[in-house]
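**Q** sharing a sequence plus its predicted fold:
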There are 2 protein chains.
Amino acid sequence: MRASRRDFFGRVSGWLGAVALGGVGAHAAADTTKMQGAPVRAYGVRAAYEKAARWLVPSRYPTSTASFTPLAALHGTVTPSALHFERHHAGVPDIDPVAHRLLVHGLVDRPLAFTVEELGRFPVTQRQYFIECSGNTNTEWAGPRGADVQQTHGLMSCSEWCGVRLAEVLAECGVQPAAAWIVFEGADGAAMTRSLPLAKCLDDVLLAYAQNGEALRPEQGYPLRLIVPGWEGSTHVKWLRRAKVTAEPYYTREETAKYTDLMPDGRARSFSFVMEAKSVITTPSPGSTLVRGEHEIRGLAWSGRGRITRVEVSADGGASWQTAQLHGPVMPLCHTRFTLPWRWDGGPAVLASRATDETGYVQPTREALTAVRGVRSFYHYNAIQQWRVTASGTLENV
Amino acid sequence: MRASRRDFFGRVSGWLGAVALGGVGAHAAADTTKMQGAPVRAYGVRAAYEKAARWLVPSRYPTSTASFTPLAALHGTVTPSALHFERHHAGVPDIDPVAHRLLVHGLVDRPLAFTVEELGRFPVTQRQYFIECSGNTNTEWAGPRGADVQQTHGLMSCSEWCGVRLAEVLAECGVQPAAAWIVFEGADGAAMTRSLPLAKCLDDVLLAYAQNGEALRPEQGYPLRLIVPGWEGSTHVKWLRRAKVTAEPYYTREETAKYTDLMPDGRARSFSFVMEAKSVITTPSPGSTLVRGEHEIRGLAWSGRGRITRVEVSADGGASWQTAQLHGPVMPLCHTRFTLPWRWDGGPAVLASRATDETGYVQPTREALTAVRGVRSFYHYNAIQQWRVTASGTLENV
């Protein structure tokens, strides 16, 4: 086939026209090559056709206090900031970044207050980290209840964070020998307060001012938040205004009445910080309808203890497993995307994924998890999630 | 120091009050802990205090046809999609993704038209890649002219892209033995058209439908664009509607009148696809004002030939160099962030950075570049960029 320029353009107009008439129904295929398009913009917006949205959980309060990331609609490992899950205890405060201060005091030689601009002059650290609310997947303790992956696993997102290591700022203040914990406080209406061990604070905790390249979003703690890599979301105190270095934890509301784990013997496990290895299949998942033939199973895996080393996928409810492909770079304390080709022949299938992390820890079944933890817990549910494929190709939580 | 809960809260209110009175001037520090904040949102927006914007380059046309990323205002390596640079030749078309088709035809056994949804069922590939317009930094050929790093280097951004390898789609169509090139066409008013060698198309070219976790933004080619890793931006055809497999390139307007390099002997170098190694200091840069003392020099480096292996920074206009820290993961064909501590004592200083990539290529000086290329070129300027620090601490392009 030899083609001239005339042939090139002539032939294709015919092809595209035929396709448009035959296949798009109510969706008119305007010939956009005959029009001047929209101009440049100082700050972009998404396409009007895109509807992916956070799910605003129904609430007994005037407004919802949590929103869930639409995991099934997303790609890759970076969560768009506009769709990062939210959990706030008294709404999103409006903070002027010039007026904002972080006060570091308590068992330090030099109590100091820092502006965000001053913190930005310290050496910067950038890292991609997941944040998972410890309440994520709490619907599943007593059996399958979440309607879809957004409801079961949507209190979980992953971003590139930039900030200064807390250790650098503490060094300026001079931590005293008696120090063992730090109590952090947010500037929101709840004055969200959590205690963290000094060792973690000196290791990898960040005072973050940027998310996915730009300043933090308001609902993510603008202008300053804590990032506590791999630990439960509520410790990543947002709208951070205060860090008090102490000898002991403060046993605040958020580490006594909340964010503790009721065990079968009636005692409560407290300061259960680490988010254990977990995974979930996002495609296909409830809301999808399968046709018979080739598919690619896709999902996310993560661990608060380091890198994901393996994800296995089952299509028969855990009777047999196949190792999925991990998409690099596989980074510690970060979402890892996994995929596995799979053919659906129309028969019964129960899809499930199982993550292993670099410590050797393997994500448990619900039965194994509840044998230890009972079913009266609320936080730290990380069992294997199953989606059953029905005869009509829809999926349901089982 | 022993602190009770009463002491904890009482002491801090005093501290923060004193700071606010002493330091913030016109910026009133409202006590946001006494207010209910804003509710959750289905799709978030940035803080009203944040003003970073793309620079809309003045144009002889009714509207600008390019916008530049505000590199000095950004952090990390991911460019927020809302601030990714734009270059379009006839504006941004409004494309209904359900009606859109990609036609693959020419030297193939089975010409096929694909919907975006169909392409989404192929195995997904996710990778972080930079895109740089080959016209980036064209202000500098005859000497320093750009006012700041946004004007000199802002036609450059980096995102996590998801899509299907073009090779997978071509395999469905059956490429014929005579095939050697593919001509790609956009659905914009310019019907933007570029020819690419088949070997590159079979290697790492992506049909991308997602950027930074969600669907492509309209100005980035919604609903489908080409990603041609490491090659000049104009080859990453946006609003992609057609791929014609051919024996030869088409020598379209965009590879003859434009996107060729006029050499000193009067001949034009064509199909100069690869973006060579380059780097620039983003902080400090014109627009900053330095105070004497400790600073962290920060910048970005990238190469269309692979990984960045080294970035050196000079504070004396290239007389001496120090090796900067690279912030990982250092990925090929991707932005790499570098930093170096530096103390400004108030004296003369000319800041510069020099990148080396894994092929051993070292970013040239302007003199070395123009000795080969002359000064009548427009595209593919990658020389070392210098910022002079004035006695007052401001910076200027020299």
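**A** Done, it's in. Residues are numbered from 1 along each chain as shown, chains lettered A, B, ... in the order given.
**Q** please enumerate the helices of the stretch 251-398 of chain A.
**A** Along the stretch 251-398 of chain A, the stretches classed as helices by DSSP state H, counting those that start in this stretch are A:366-373.
**Q** and the residue of it closest to chain B?
**A** At 4.5 Å from chain B, A:Pro329 is the closest residue in the stretch 251-398 of chain A, using C-beta to the nearest C-beta. Backbone N, C-alpha and C define where each C-beta goes, glycine included.
**Q** burial check on that residue, number of neighbours?
**A** Using other C-beta atoms under 10 Å in any protein chain shown, A:Pro329 has 16 neighbouring residues.
**Q** excluding chain neighbours, what is closest to it?
**A** B:Pro329 (4.5 Å; C-beta to C-beta, 6 or more residues apart in numbering or on different chains).
**Q** so that neighbour touches A:Pro332, yeah?
**A** No: using C-beta atoms under 8 Å, B:Pro329 is not in contact with A:Pro332; the gap is 10.7 Å.
**Q** what is the residue nearest in space to the middle of chain A paired to in the beta sheet?
**A** Among the residues of chain A, the one closest to the centroid is A:Ser157, at 1.4 Å (C-alpha atoms, centre = their mean). Per DSSP bridges, the residues bridged to A:Ser157 are A:Ile131.
**Q** still on that earlier bit, what distance do you get for the residue nearest to A:Pro329 to A:Thr356?
**A** 21 Å (C-beta to C-beta, to the nearest Å).
**Q** what sits against A:Leu207?
**A** A:102, A:119, A:163-166, A:169, A:224-226, A:240 (C-beta atoms under 8 Å, 6 or more residues apart in numbering or on different chains).
**Q** out of the residues you listed, which touch chain B?
**A** Subset of these in contact with chain B: empty, counting by C-beta under 8 Å from any C-beta of the partner chain.
**Q** show me the residues you listed that map onto helices.
**A** Per DSSP state H, helices hold the following members of those: A:119, A:166, A:169.
**Q** and chain A, what are its domains?
**A** According to automatic domain parsing, chain A comprises the domains A:81-269, A:278-397.
**Q** will you turn those domains into TSV that also has mean pLDDT and distance to A:Gly37?
**A** What follows is these, written out as TSV (pLDDT from 0 to 100; distance: least, C-beta to C-beta, whole Å):
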stretch	mean pLDDT	distance to A:Gly37
domain A:81-269	97	23
domain A:278-397	97	32
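**Q** now, of the ones you listed, which is deepest in the fold?
**A** Of those, the one with the most neighbours on average (mean count of other C-beta atoms under 10 Å in any protein chain shown) is domain A:81-269, at a mean of 21.
**Q** how about the residues of the stretch 201-350 of chain A by chain B?
**A** With the criterion set to C-beta under 8 Å from any C-beta, the stretch 201-350 of chain A comes near chain B through A:209-210, A:212-219, A:222-223, A:239, A:241-242, A:244, A:246, A:250, A:294-296, A:298, A:327, A:329, A:331, A:337, A:339, A:341.
**Q** reformat the ones in helices among the contacts of A:Leu207 as TSV; add distance to A:Gly287.
**A** Below are the ones in helices among the contacts of A:Leu207 laid out as TSV (distance: C-beta to C-beta, whole Å):
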residue	distance to A:Gly287
A:Leu119	42
A:Leu166	40
A:Val169	44
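**Q** closest to B:Ala257 among the residues you listed?
**A** A:Leu119 (49.8 Å; C-beta to C-beta).
**Q** what distance do you get for that closest one to chain B?
**A** 12 Å (C-beta to the nearest C-beta, to the nearest Å).
**Q** wait, what's in contact with the residue in the stretch 51-200 of chain A that chain B sits nearest to?
**A** Using C-beta to the nearest C-beta, the closest approach of the stretch 51-200 of chain A to chain B is made by A:Gly91 at 2.7 Å. Residues near A:Gly91 by C-beta under 8 Å, 6+ apart: A:63, A:65, A:188-189, B:36-39.
**Q** output the residues you listed as TSV; include the columns secondary structure.
**A** Below are those laid out as TSV (DSSP: H, G, I helix; E, B strand; the rest coil):
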residue	secondary structure
A:Thr63	coil
A:Thr65	coil
A:Asp188	coil
A:Gly189	coil
B:Gln36	coil
B:Gly37	coil
B:Ala38	strand
B:Pro39	coil
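**Q** among those residues, which pair sits farthest apart?
**A** Largest pairwise distance in these, by C-beta to C-beta, is 13.9 Å, between A:Thr63 and A:Asp188.
**Q** where does the stretch 201-350 of chain A get nearest to chain B, which residue?
**A** Counting by C-beta to the nearest C-beta, the stretch 201-350 of chain A gets nearest chain B through A:Ala210, at 3.7 Å.
**Q** so that residue is in which element?
**A** Here A:Ala210, judged by DSSP states H and E, is contained in strand A:206-211.
**Q** which non-adjacent residue is nearest the residue of the stretch 51-200 of chain A closest to chain B?
**A** Spatially, and ignoring its direct neighbours in sequence, A:Gly91 is nearest to B:Gly37 (2.7 Å; C-beta to C-beta, 6+ apart).
**Q** would you confirm that the one you found contacts A:Glu86?
**A** No: judged on C-beta under 8 Å, B:Gly37 makes no contact with A:Glu86 at a distance of 11.0 Å.
**Q** shared neighbours, the two?
**A** Common neighbours of B:Gly37 and A:Glu86 (C-beta under 8 Å, 6+ apart) are A:Val92.
**Q** and for stretch A:167-181, what's in contact with it?
**A** Residues from elsewhere that reach stretch A:167-181 (C-beta under 8 Å, 6+ apart): A:104, A:106-112, A:114, A:119, A:122-123, A:195-198, A:201-203, A:205, A:207, A:245-250.
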